[in-house]
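In: Need coordinates for the following:
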Amino acid sequence: MPNSPPTKFVCTISVHDGIMICKEEGIMKQDRIEIRTSTSERKQFEEAAFLSRMNLSEFMRRSALDKSTEIIHKSTSIMLSNEDRDAFLNALENLPEPTKKMKQALKHHKRLIDNG
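Out: Just a heads-up that it's a prediction; the model follows:
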């Protein structure tokens, strides 16, 4: 992955309520995604965006990113109890000898790769 330039943030402080909002600067978002929604869903999204001090587009983007990150993490991670973790590590450290069928499968695989 090429070195990306350092991320710059632009921060503004609201004169009305003194809240500071920082946004990433210089990131061009070029891809577009459209969704269809009911009027009540859109109103809920708009209210949540307003309360989060974001425009609707930024709110939808960040919400989708947060949820997709959560789903990917849950789908690619496993949680083990201490007992299960110890059993897993023990199995890795004390591998059984390969069976005759495993050795045959490895030879077959190597032939496929070498001739492929």
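
In: What pLDDT does the model give the residue nearest the centre of the chain?
Out: Geometric centre of the chain, nearest residue: Thr69, 2.9 Å, by CA atoms, centre = their mean. The model reports Thr69 with a pLDDT of 90.

In: Looking at the protein, which helix is longest?
Out: helix 56-76 (DSSP state H).

In: hmm, back to that, check the gap between the residue nearest to the centre of the chain and Arg62 for me.
Out: 11 Å (CB to CB, to the nearest Å). For glycine as for every other residue, the C-beta is placed from the backbone atoms N, C-alpha and C.

In: Any stretches of this protein with poor pLDDT?
Out: In the predicted model of the chain, residues 1-29, 116 satisfy pLDDT under 70.

In: need the helices for it, in chain order.
Out: 39-51, 56-76, 82-93, 100-115.

In: Export the ones you listed to a markdown table and append columns for distance to Arg32.
Out: As requested, the helices of the chain are exported to a markdown table (distance: least, CB to CB, whole Å):
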| stretch | distance to Arg32 |
| --- | --- |
| helix 39-51 | 17 |
| helix 56-76 | 10 |
| helix 82-93 | 44 |
| helix 100-115 | 43 |
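
In: For Asp31, find the nearest of those.
Out: helix 56-76 (10.4 Å; CB to CB).

In: which secondary structure elements does the closest one contact?
Out: The contact analysis (3 or more CB pairs under 8 Å, 6 or more residues apart in numbering; DSSP states H and E) places helix 56-76 against helix 39-51.

In: other SSEs contacting the helix it packs on?
Out: helix 56-76.

In: tell me which residues in the helix it packs on are buried?
Out: For helix 56-76, the neighbour count (16 or more other CB atoms under 10 Å) marks Phe59, Met60 as buried.
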